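> Next come a sequence and a model predicted from it.
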Amino acid sequence: MPAADLPLLIDAAREAGRIACRYTGTTAQKWEKAEGAGPVTEADLAVNEMLEARLPGARPGYGWLSEESEDDPDRLTRETLFIVDPIDGTRSFAEGSRTWAHSLAVAHRGEVTAAVIYLPQRDLLYAAARGEGATLNGQPIRVSEVPDLSKAEILAARPNLEARHWRTGAAPGFSRAYRPSLAYRLALVAEGRFDGMLTLRPSWEWDIAAGALIIAEAGGACTDRVGGPLRFNTARARLDGVVAGGPAVHQALGAALHPGGPGLADLRPS
């Protein structure tokens, strides 16, 4: 199944890129979603329309979960489903940046089995199928082998360094970097360009699913913020943060994080 699904995702991601690149981010029509959920553009909706027709059309038995589609609880009855973010980094897209991605995944019984992250304006296509390794533009990739957190470069938004998140009351002395797309951050760790990444707030499944498999297939580790396994196709479609990296860096980040930090339990019911 993963081997059969991956070419489908790759073809769909490339078509998504062709559609999105027809729009100029700064002039694309844009709206703000309700309840502070962020922006959406006409490009997001056009890509989503194509993906929602093309992917389930090729796999009629699969469920569907997308940031830009109304959630259908029928997906919870499906063993296998697509998990899609039509454009991850919409705010960046709308600002005219090249740093945004299409994130496409297939999950079976809660585990991702095939995944693609595609940045069309940077000509970067990351892909993985379970048990078959991870690639960038068709070439194998591996996570960093940096053994010491003090020498690591970690992708993280600045709020993740707040004292309340760390056992000692201060973030460890790693170097911090940032990219606006969560999917791209995960892919960069899989590629070994950065040593790890973390996001400690509750995260949507569609932002994480593809990158989680690509990191795992590149030899890395990817868990929630307290070290638990990531499970997909949940009722809330949210994960309790994400911590990822090469095995040593991932372990060190987990040991340094405060286990009682804010997480899914702090979310108001939707």
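Here it is on my side, so go on. Residues are numbered from 1 along each chain as shown.
> The helix or strand bottoming out on mean pLDDT in the chain: which residues count as buried?
Within the chain, confidence by mean pLDDT, DSSP states H and E is lowest for strand 30-32 among all helices and strands, at a mean of 78. Going by neighbour count (16 or more other CB atoms under 10 Å), the buried part of strand 30-32 is residue 30. In this view, the C-beta of every residue, glycine as well, is placed from N, C-alpha and C.
> Stretch 215-233 too?
Buried residues in stretch 215-233, defined by neighbour count with 16+ other CB under 10 Å: 215-225, 230, 232-233.
> swap in stretch 55-69?
55, 59, 62-69.
> ok, the least confident helix or strand of the chain: who's next to it in the sheet?
According to DSSP bridges, strand 30-32 has the following sheet partners: strand 39-41 (antiparallel).
> got a list of contacts for the partner strand?
Outside strand 39-41, the residues within contact range by CB atoms under 8 Å, 6 or more residues apart in numbering are 23, 25, 28-33, 68, 87, 90-91, 93-94.
> Burial check on the residue lying closest to residue 47 once chain neighbours are set aside, number of neighbours?
The shortest distance from residue 47 to any non-neighbouring residue, by CB to CB, 6 or more residues apart in numbering, is to residue 86 (4.0 Å). Applying other CB atoms under 10 Å, we find 28 residues neighbouring residue 86.
> now swap in residue 153 and tell me
Neighbours of residue 153 under the rule other CB under 10 Å: 18.
> for residue 244, what are its contacts?
Each residue near residue 244 by CB under 8 Å, 6+ apart is listed here: 186, 189, 196-198, 211-212, 215, 220-223, 250.
> Which positions are bridged to it in the beta structure?
For residue 244, the beta-bridge partners are residue 197, residue 222 (DSSP bridges).
> Kind regards, and thank you for your time.
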